[in-house]
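In: with the input below, show me the fold.
(one chain, ligands or ions: 2)
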Amino acid sequence: MVSKSPFYKYNPVTQPIVDKLAQIVDPRFVITDKEKLEPYSHDEVADQGHSCMPEVVVKPRTAEEISEIVKLANREKIPITPRGAGSGLSGGAVPVCGGIVLSFERMNQILEIDEGNMMAVVEPGVVTNEINNAIASKGLFYAGYPMSVETCFIGGNVAENAGGGKAIKYGVTERYIMGLEVVTPTGEIINMGGKRVKDVTGYNLKQLMVGSEGTLGIITKIIIKLLPLPKVKVDLLALFPDARSAIAVVPKIMTAGGVIPTAVEFMDQLSVRASCDYLNEHLPYQKAGAMLLIEVDGNYEEVVQRDYDAVGELCFKNGAIEVYVADNYTTQERIWSVRRNIAEAFKVVSPHQSLEDVVVPTASIPDLIPELERISKKFKVQVPCYGHAGDGNLHATIVKDPDDSMDEWHKKLPEVLEDLYTAVKNLGGTISGEHGIGSKRKDYMHLVASEAELEFMRKIKRAVDPNNILNPGKIFDVI
Ligand code: LAC
Ligand code: ZN
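Out: Ligands and ions are numbered 1, 2, ... in the order given. Alright, predicted model coming up:
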C-alpha cells in the first residue's frame, strides 16, 4: 500500500473530528475500524501499489449532510474522496491523501421516473443496471452500458464519464446527463441543467462536472435522459484467424457496410480463453485467433436483419472463419457475460498487470494492433487485448513476464506505458477513453496535454476548491 501523497499538507482526522462527523451523519455510518476501512482503500486496479487507507469512511444520506461535511473539511483542512461502488479502474475513488472517504451506498434511491419527459431522477448510489430494471416494463432504457453495469453506481459513471459497450451508436454517459445537483468543494448545494432539452443559460457546468473524477464537486442527484427501448436486438459472434484480420473489419462495418451497430467488441484469443476459464463457459471455436461481438438493434425485425446480414457478409468477405447469430436473450447474455468478465478474469490470471484503455480515432484502430505486437516483443511482456473496437477504445493489458522479478517489472512498466501512450498519441489518440486518469495515469498526462492545457484545468480547480480538499492527487497536481 502506498504511503499518503507527500505532495500536499493536510491535518489528520482526530477523534474530535470523528465526533463532529458523527453529529452530522448517523454515527452508525461513521467508520474508523481499520478492518472495515480496508475495502475503501482500493478500487478495481489490480496492483496493490495503487491503494491507500482512508482515516474515516462516512456514509451520508442527504446533500445537506454532505454540505456540512465539506464545510467541516474546509475548516479543518482534511481531504475528501467521494466513492461510488469502487469499480473504477484508475484509482479515482482511492483516498491517496488519506482523510475522509464519502461513500454513496446509502444514497441509492430512484427518485422519479418521468415518462412524460423520458427522464429519470436518481441518487448517485443507484446501481446502473437497477435503472434499466426499473424502466424496462415502461418501454424505456438508459443507454449507458459500462461493463461493470451490474455493480457500478450511476454517480461513479457520471464522475468518470463512463463509456462502455454501446458508445458507437449511443455515445457515452455525458450524452444522457440532463441535470445535476452538486455540493461544491466549499459546501454550497447548487443545480446544473435540468429537464430542458435545450438550455444555453450560462456556462454548461453539468458537462464540466461530467468526467471531472470527483475533483470539482460532489454529485448528489442526477437527471438522466431515457430512450425508447429497441424492440429487436441481435448479436453476431464473428471468428477470425488473428487479431489483425478481426480489427481490420471494424472501421469497414461503418464505412463500407453503412451500418452503425450498437456495439463492436473485440476479444483476442487470450482474452476469450481467460474469461471462459474464469466463468467455466465454452464459446464455439474458442481457439479462433480473435472474435468480434457485433450487436445491432432497432424496432423492426426486417431492418435489423438486413443490417446484420450486411455486417455478417462483410465479415466473411474480410476473412471471418465463421459468424454465429444470437437472437435470444439467453445466448446473448452468455456471450456478453464472457465479454464483461475479461478484466476480472485477467486479475485472477495475474495480479501484476496494467489494464489500459487507450483510444484512437476509429480509422486508426487497425494500426494499433501492430503497435501492441511491437511493444510486446520489445519489452518481453504479453499484451492481451480486448475492448470497444467500434469506438477505437481498446483494453490492452500489460502483463508481467513470469521470468521478470518484481523490481524488473516495476522498472519496466512505466517504460512500456510511456511507449504505448506515445504510440497512441502518434495515431491521434489519447491515454484514456473511459477509465479516467485518476492517480494511476496522472504522471503521464504531460504526454497528451500541453502545459497550457494543464494550467487551464488547474486554474478551474484552484478557483472552485481553494483548499484543494476534494479528491486531491487525481488527474494532475495542482501545485
Ligand atoms: C471493460 C472494462 C475493463 O470494458 O472497461 O471490460
Ligand atoms: Zn471498457
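
In: for ligand 1, what's its nearest residue on this protein.
Out: Proximity of the chain to ligand 1 (CB to the nearest ligand atom) peaks at Met147, 3.5 Å away. All C-beta atoms are positioned from the backbone trio N, CA, C, and that covers glycine.

In: and the nearest residue to that residue once chain neighbours are set aside, what does it touch?
Out: Counting by CB to CB, 6 or more residues apart in numbering, the nearest residue to Met147 once its immediate chain neighbours are dropped is Arg340, at 4.6 Å. Residues in contact with Arg340 (CB atoms under 8 Å, 6 or more residues apart in numbering) are 147-150.

In: picking up where we left off before, okay, and the residue of the chain closest to ligand 1 sits in which element?
Out: Counting by DSSP states H and E, there is no helix or strand that carries Met147.

In: CA atoms only: put stretch 170-187 into PDB for me.
Out: Output of stretch 170-187 as PDB, limited to C-alpha atoms (Å, rounded to 0.1, in the frame of the first residue of the first chain):
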ATOM      1  CA  TYR A 170     -25.400   5.600 -28.200                       C
ATOM      2  CA  GLY A 171     -22.400   7.700 -27.100                       C
ATOM      3  CA  VAL A 172     -21.100   7.800 -23.500                       C
ATOM      4  CA  THR A 173     -22.600   8.900 -20.200                       C
ATOM      5  CA  GLU A 174     -22.300  12.600 -21.000                       C
ATOM      6  CA  ARG A 175     -25.000  12.400 -23.700                       C
ATOM      7  CA  TYR A 176     -27.600  11.300 -21.100                       C
ATOM      8  CA  ILE A 177     -26.900  13.800 -18.300                       C
ATOM      9  CA  MET A 178     -29.600  16.500 -18.300                       C
ATOM     10  CA  GLY A 179     -29.100  17.900 -14.800                       C
ATOM     11  CA  LEU A 180     -27.100  17.600 -11.700                       C
ATOM     12  CA  GLU A 181     -27.400  18.600  -8.100                       C
ATOM     13  CA  VAL A 182     -23.900  19.200  -6.700                       C
ATOM     14  CA  VAL A 183     -22.200  20.000  -3.400                       C
ATOM     15  CA  THR A 184     -19.400  22.400  -4.300                       C
ATOM     16  CA  PRO A 185     -15.900  21.900  -2.800                       C
ATOM     17  CA  THR A 186     -16.700  24.700  -0.400                       C
ATOM     18  CA  GLY A 187     -20.000  23.200   0.600                       C
END
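
In: quick one: Phe266 is in a strand?
Out: Yes - under DSSP: H, G, I helix; E, B strand; the rest coil, Phe266 sits within a strand.

In: count the neighbours of it for me.
Out: Using other CB atoms under 10 Å, Phe266 has 28 other residues around it.

In: and the closest residue to it other than its chain neighbours, how many residues sit next to it?
Out: Counting by CB to CB, 6+ apart, Ala389 is the residue found nearest to Phe266 once chain neighbours are left out, at 3.7 Å. By the measure other CB under 10 Å, the count of residues near Ala389 is 30.

In: OK, contacts around Ala389?
Out: Here Ala389 is in contact with 246-247, 250, 264-266, 292, 365 (criterion: CB under 8 Å, 6+ apart).

In: again, only this time at 10 Å
Out: By CB atoms under 10 Å, 6 or more residues apart in numbering, the residues touching Ala389 are 168, 246-247, 249-251, 253, 263-267, 290, 292-294, 362, 365-366, 368-369.

In: what does this protein put close to ligand 1?
Out: 89, 147, 342-343, 355, 387, 395 (CB under 6 Å from any ligand atom).

In: rewinding a little: can I get the contacts of Arg340 in TSV with neighbour count and pLDDT?
Out: Supplementary listing: those in TSV, determined by neighbours: other CB atoms under 10 Å; pLDDT from 0 to 100:
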residue	neighbour count	pLDDT
Met147	26	95
Ser148	22	96
Val149	22	95
Glu150	14	96
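
In: and of the residues you listed, the nearest to Ala423?
Out: Met147 (24.3 Å; CB to CB).

In: what helix or strand does the nearest residue to Ala326 once chain neighbours are set aside sit in?
Out: What sits nearest to Ala326 in space, not counting adjacent residues and going by CB to CB, 6+ apart, is Asp235, at 4.3 Å. For Asp235, the host element (DSSP H and E) is strand 232-240.

In: right, and the helix or strand after that strand?
Out: helix 243-254.
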